[in-house]
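Engineer: one predicted model, sequence on top.
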Amino acid sequence: MNCPCNSEYILKNGRSRSGKQNFKCRDCGRQFVMSPRHQPISSATKKLIDRLLLEKISLAGIVRATGVSERWLQYYVNKKLGAVKREVEVKSKKR
């Protein structure tokens, strides 16, 4: 059994709320379970979501099309919005 960081120094670290065994890596300190119920969103799905957002598809439509949760999608959109530069450069026209 290895940590996602490929370390072999793993300790048991109690149980999760769902009753699965928690493990903790001694090298990186990461806490994880061996077979998580929810898998991470793939980069291909994220690229599809980015394209659908550019097409101005509603969030509910994106949830139905991609199968991600509404909560995760709202978090993802807020994170994307936070990365957008808020300052606008204005150049005056010559008269």
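Structural biologist: Thanks, I have the structure now.

Engineer: next helix or strand past the helix or strand of the chain with the lowest mean pLDDT?
Structural biologist: The helix or strand of the chain with the lowest confidence, counting by mean pLDDT, DSSP states H and E, is strand 31-32 at a mean of 89. Next along the chain after strand 31-32, taking DSSP states H and E as the criterion, comes helix 43-54.

Engineer: let me see the mean pLDDT of that following helix.
Structural biologist: For helix 43-54, mean pLDDT is 95.

Engineer: mind exporting the C-alpha coordinates of that helix to CSV?
Structural biologist: Extracted C-alpha coordinates of helix 43-54, given in CSV (Å, rounded to 0.1, in the frame of the first residue of the first chain):
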residue,chain,number,x,y,z
SER,A,43,-9.0,17.3,-16.7
ALA,A,44,-11.1,16.4,-19.8
THR,A,45,-14.3,17.1,-17.9
LYS,A,46,-12.9,20.4,-16.7
LYS,A,47,-12.0,21.4,-20.2
LEU,A,48,-15.6,20.5,-21.3
ILE,A,49,-17.0,22.6,-18.5
ASP,A,50,-14.8,25.6,-19.5
ARG,A,51,-16.1,25.3,-23.1
LEU,A,52,-19.7,25.1,-21.9
LEU,A,53,-19.2,28.1,-19.7
LEU,A,54,-17.9,30.1,-22.7
